[in-house]
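# From the sequence below, what's the structure:
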Amino acid sequence: MGRKVSSEKLNYVINQAGLKDLIEEKGLNYQVGEKGNKLSGGQIQRIEIARALLAERPIILADEATSSLDPELSLAIHKTILEQNRSAVIEVAHKVTDEERAMFTKIVKFSK
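This is a model prediction of the structure:
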């Protein structure tokens with residue numbers, strides 16, 4: 001992202017975004033390929049979540065942010081972005097568990 005981040009903050013975000021195993025296996029300087037073609041869809045989503053957490057923006061727009069993740073990791077990431085983060089989160093999702101749904105302060109349902 002082109003800016004300095006403390007090791008403590010970087011490690012925190014790596015853990016919160018579920019990237020610890022990937023970083024331990026590949027390292028921080030791993031070349032992910034053009035458009036991340038050496039990564040799975042879930043890994044790409046976790047990296048995007050980590051970038052959002054590092055940016056500390058007041059609003060996070062999440063479009064199917066956890067759709068490629070297993071239920072446990074999806075729940076952990078929702079806990080991070082909804083309970084431990086200071087940002088407002090606007091998420092579009094088709095697949096959200098009842099436990100995840102309970103973390104949101106407002107839900108808007110659209111149907112055709």
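
# who does the biggest helix by length in the chain touch, helix- and strand-wise?
Counting residues, the longest helix found in the chain (DSSP state H) is helix 41-55. Judged by 3 or more Cβ pairs under 8 Å, 6 or more residues apart in numbering; DSSP states H and E, the packing partners of helix 41-55 are helix 7-16, strand 59-63, helix 71-79. C-beta here means a position set from N, CA and C on the backbone, and glycine is covered the same way.

# Leaving out sequence neighbours, find the closest residue to the residue positioned nearest the centre of the chain.
A centroid search over the chain (Cα atoms, centre = their mean) returns residue 49, at 2.6 Å, as the residue closest to the centre. Leaving out its chain neighbours, the residue that sits closest to residue 49 by Cβ to Cβ, 6 or more residues apart in numbering is residue 17, at 4.6 Å.

# Just the residues contacting the longest helix of the chain, thanks.
1, 5, 9-10, 13-14, 16-19, 22, 32, 36, 39, 60, 62, 65-70, 73, 77, 80-81, 85, 87 (Cβ atoms under 8 Å, 6 or more residues apart in numbering).

# Filter these down to just the buried residues.
Buried members of the contacts of helix 41-55, scored by 16 or more other Cβ atoms under 10 Å, are 13-14, 16-19, 22, 39, 60, 62, 65-66, 69, 73, 77, 80-81, 85, 87.

# returning to that earlier point: let me know the angle separating the longest helix of the chain from strand 59-63.
170 degrees (axes from the mean of the first three to the mean of the last three Cα atoms, to 10 degrees).

# Confirm for me that the residue nearest to residue 49 is in contact with residue 80.
Yes. Using Cβ atoms under 8 Å, residue 17 makes contact with residue 80 at a distance of 7.3 Å.

# got the contact list for residue 68?
Applying Cβ under 8 Å, 6+ apart, the residues near residue 68 are 40, 41, 42, 45.

# again, but for residue 79
residue 103.

# Show the contacting residues for the residue lying closest to residue 83 once chain neighbours are set aside.
Nearest residue to residue 83, sequence neighbours excluded (Cβ to Cβ, 6+ apart): residue 103, at 6.5 Å. Listed by Cβ under 8 Å, 6+ apart, the contact partners of residue 103 are 78, 79, 82, 83.
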